[in-house]
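Visitor: Could you look at this predicted model? Sequence included:
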Amino acid sequence: MKTAIAALFVAGAGYASAADEAPVATVAVKPAAAETVTEELIRLLSDRNALSKDDAARLIRRLQTEKPAQPQVETAAPAATTTPGAAAPATATAAGDVKPADPKDPKNRVRVIYLPDSEKQRIREELKDEVLATARAENWAQPSALPEWIKNIKLDGDLRLREDVAFLDQANDPFQINYQAINSGSPFNVSSSAVNQPLPPLINTTADRQATRFRLRLGLLANVADDLSASVRLTTGNNVNPLSPNQTVGNAYNKFTLLIDRAFLNYHPLTGLNVYGGRIPNPWLSTNLVWDENLGFDGLATRYSHGIGENVTAYGTFGAFVVENTAFDFPSTSAVKANSRDASMFGFQTGVDWKVDDGLTAKAAVAFYDYENLQGELSSPCVAPTSAFSCDSDESRPTYLQKGNSLFALRNLQLQTSTDPQYQYFGLASEFRILDVNGELDYKIGGPLHASFTGDVAWNTAYSARKVRALSPVNNFDSGDNYSGGNLAYLARFKVGYPDINERNQWNLLVGYRRLETDSVVDAFTDADFHLGGTNSKGYYIFGNWGFSHHAWLTLKWFSTTEASGAPYAVDLLQLDINARF
């Protein structure tokens, strides 16, 4: 505001002293019109609350007292100053002699600008309009109209409409058990001698399906202090599947639910250092080979980056996260309670970002993810005559599964007769300590267009086929009824076009191939779309994006996948999305 006021003083003076071509005469100098305009502008700013009354009065007093003494010049005949060759007025010399003044000497002439009243009024109106426009833009008139905290908050969000069509091969194995449905409900009786025993929950592997879905996300970022911010994001979805924010329509027009998807603090006390705590977004440089893009992490992460020269930045990230927590009163049906057996994950990643030249950049990172207590635990000898009874290792079952990881029966049931019920839960047969190496090359091929190549390899170093077989796994058998698990996953993809879609007619195209063996990564957290989620899959995919408006674009995705090993399971998936970001 002070800058604007200073500009008005300069502008007022400029209007009053410009126009050298105006008519000239020798007259007594009067106060400049610019001073009157300046005083009026000061009062105008005061009236609009851009200046306090006291400040306005002080500026006007200073303006009036600091005016330079006005020279008094006798009015002379116009011919004396304007007619060439005419006699100049006499001036006194130091000795008292009088000699004629030289009419050609500029020092003997006073130039006064005459502005018509209409021009003065026009200048006043222009200045008023300019001041008021600036005041409205910079909120001078009501500087306290909005609370200070609102200025520190940023809102954003996005909306996606999706049509899903899954094409399932009729030759697929129709008897693939849905272990997630069992583990999230009552234990299932696996006894083959049970009378009228129903089939366990099964995954649909043969019937084509279509679904209309949408996703809404609303985010808030608050700058609490210069070195601390807080973020919260709400999303559609459910509290069973941690990967899907999609809401399937067709619920008799009932209401939908918004859930807390992100809630974290970011503390950045030093340049290059960030500490995150709460439900945070993915802190790793990664692809959706290991982590689905919608997954949030519960815990603490810290990242430090440092420049090496002008073109290279190195960084390290460490994270400690809680995956599953033991229920406080477990087992609920026993007076003897179990100690905590919380599943957790510790991760470390180091990487570099390298600007090779103006058109080529490279990224590379190596990460190690170590899961603790994620593997299932065989219970102590247990009698569970009904589904209401608990055994002491029930809490070691994963609360969420997709499909693909090798599983085994958790309960060491003690049977009195061959017809006793056998109510079972199922746990992960392998441990998981994953080494992940990934990188990207991005080349600017011309104008805004880029071409990039991404590769990712993940290897579960804790996997042992021998140890898994010793637990008598219940899935992942080949046609000869032999266990056929594996621990390697890899991905390669190529993308060309605009890196991001923000405006009309921007586009990009992506093609890729991926293979995930059964226990290469945790199936609960990998991509939920490829092979309809999980591991034990391989295939290719094609994505296309096209912008049809500002921050709005269409996406077409095609996945064609089959099983990596074991029973046949082939699926093609078509997705059409309409996206808008705000």
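Guide: Ah, there it is.

Visitor: Now do the buried residues in whichever helix or strand residue 545 is part of.
Guide: Assessed by DSSP states H and E, residue 545 sits inside strand 537-549. Of all the residues in strand 537-549, those buried under the rule 16 or more other Cβ atoms under 10 Å are 537-539, 541, 543, 545-547. Bear in mind the C-beta positions are built from the backbone N, C-alpha and C, glycine included.

Visitor: now do stretch 556-571
Guide: Those would be 557, 559, 561-567, 569-571, for stretch 556-571 by 16+ other Cβ under 10 Å.

Visitor: Output the below-cut-off pLDDT ranges for the stretch 51-200 of the chain.
Guide: In the predicted model, the stretch 51-200 of the chain carries pLDDT under 70 at residues 66-115, 136, 138-146, 194-195.

Visitor: what about the longest helix in the protein?
Guide: Scanning the chain for the longest helix, with DSSP state H as the assignment, gives helix 117-138.

Visitor: Now do that one: which elements does it pack against?
Guide: helix 2-17, helix 33-47 (3 or more Cβ pairs under 8 Å, 6 or more residues apart in numbering; DSSP states H and E).

Visitor: Out of the ones you listed, which gets the lowest mean score?
Guide: When the helices and strands packed on helix 117-138 are compared by mean pLDDT, helix 2-17 comes last with a mean of 44.

Visitor: where does the nearest residue to residue 364 once chain neighbours are set aside land in three-state SS?
Guide: The spatial neighbour of residue 364 that comes closest, neighbours along the chain excluded (Cβ to Cβ, 6 or more residues apart in numbering), is residue 439 at 3.8 Å. Here residue 439 is strand, with the state taken from DSSP: H, G, I helix; E, B strand; the rest coil.

Visitor: can you give me the strands for the stretch 451-582 of the chain?
Guide: With DSSP state E, counting those that start in this stretch, the ranges of strands along the stretch 451-582 of the chain come out as 488-497, 507-516, 537-549, 552-562, 571-581.

Visitor: so where does residue 199 fall, helix or strand?
Guide: Per DSSP H and E, there is no helix or strand for residue 199.

Visitor: Could I get the phi/psi values of it?
Guide: Backbone torsions of residue 199, given as degrees, to the nearest 10, read phi -70, psi 150.

Visitor: Name the nearest residue to it, sequence neighbours excluded.
Guide: Closest to residue 199 by Cβ to Cβ, 6+ apart is residue 175, at 7.9 Å.

Visitor: For burial, what's the neighbour tally of that neighbour?
Guide: 11 (other Cβ atoms under 10 Å).

Visitor: Any buried residues in the helix or strand that comes right after the longest helix of the chain, and which?
Guide: For helix 117-138, the following helix or strand on the C-terminal side (DSSP H and E) is strand 153-168. Buried residues in strand 153-168, counted by 16+ other Cβ under 10 Å: 158-160, 162, 164, 166, 168.

Visitor: can you redo those as TSV with distance to residue 276?
Guide: Below are the buried residues of strand 153-168 laid out as TSV (distance: Cβ to Cβ, whole Å):
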residue	distance to residue 276
158	21
159	26
160	25
162	29
164	32
166	36
168	40
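
Visitor: ok, which pair from these is furthest apart?
Guide: 158 and 168 (30.1 Å; Cβ to Cβ).

Visitor: Pretty sure residue 269 sits against residue 227.
Guide: Yes - using Cβ atoms under 8 Å, residue 269 makes contact with residue 227 at a distance of 5.0 Å.

Visitor: now the helices for the protein?
Guide: 2-17, 33-47, 53-65, 78-82, 117-138, 179-183, 465-470.

Visitor: Alpha carbons of stretch 525-533, in PDB - could you do that?
Guide: C-alpha atoms of stretch 525-533 as PDB (Å, rounded to 0.1, in the frame of the first residue of the first chain):
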ATOM      1  CA  PHE A 525      -1.000 -53.300  -1.400                       C
ATOM      2  CA  THR A 526      -0.100 -53.700  -5.100                       C
ATOM      3  CA  ASP A 527      -2.200 -52.300  -8.000                       C
ATOM      4  CA  ALA A 528      -5.900 -53.000  -7.600                       C
ATOM      5  CA  ASP A 529      -6.700 -52.800 -11.400                       C
ATOM      6  CA  PHE A 530      -4.100 -55.000 -13.000                       C
ATOM      7  CA  HIS A 531      -5.500 -58.600 -13.100                       C
ATOM      8  CA  LEU A 532      -8.300 -57.200 -10.900                       C
ATOM      9  CA  GLY A 533      -5.700 -56.800  -8.100                       C
END
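
Visitor: Show residues contacting it.
Guide: Here stretch 525-533 makes contact (Cβ atoms under 8 Å, 6 or more residues apart in numbering) with 166, 241-244, 288-295, 402-403, 514, 516, 523, 534-535, 537, 539, 541, 557, 559, 561-562, 569, 571, 573, 575.

Visitor: Closest to residue 283 out of the buried residues of stretch 556-571?
Guide: Using Cβ to Cβ, the buried residues of stretch 556-571 come closest to residue 283 at residue 557, 26.1 Å.

Visitor: gap between the closest one and residue 346?
Guide: Counting by Cβ to Cβ, to the nearest Å, the separation of residue 557 from residue 346 is 33 Å.

Visitor: give me every residue that touches the closest residue to residue 578 other than its chain neighbours.
Guide: Nearest non-adjacent residue to residue 578, counting by Cβ to Cβ, 6+ apart: residue 161, 4.4 Å away. By Cβ under 8 Å, 6+ apart, the contact set of residue 161 is 212-214, 577-578.

Visitor: next one: residue 486
Guide: 463, 517-520, 564-565.

Visitor: Closest to residue 38 out of the buried residues of stretch 556-571?
Guide: Distances from residue 38 to the buried residues of stretch 556-571, taken by Cβ to Cβ, are shortest for residue 557, at 65.0 Å.

Visitor: pLDDT score for the residue nearest to residue 550 when sequence neighbours are not counted?
Guide: Sequence neighbours aside, residue 503 is the residue nearest to residue 550 in space, at 6.0 Å (criterion: Cβ to Cβ, 6+ apart). Looking at residue 503, its pLDDT reads 97.

Visitor: So what's the residue count around residue 503?
Guide: By other Cβ under 10 Å, neighbour count at residue 503 equals 15.

Visitor: Pull the contacting residues for it.
Guide: Residue 503 neighbours (Cβ under 8 Å, 6+ apart): 547, 550-551.

Visitor: Now pLDDT and distance to residue 273 too, for those, in CSV please.
Guide: What follows is those, written out as CSV (pLDDT from 0 to 100; distance: Cβ to Cβ, whole Å):
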residue, pLDDT, distance to residue 273
547, 98, 36
550, 97, 36
551, 97, 32
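
Visitor: Specify which member of those residues is nearest to residue 218.
Guide: Nearest to residue 218, judged by Cβ to Cβ, of those is residue 551 at 15.3 Å.
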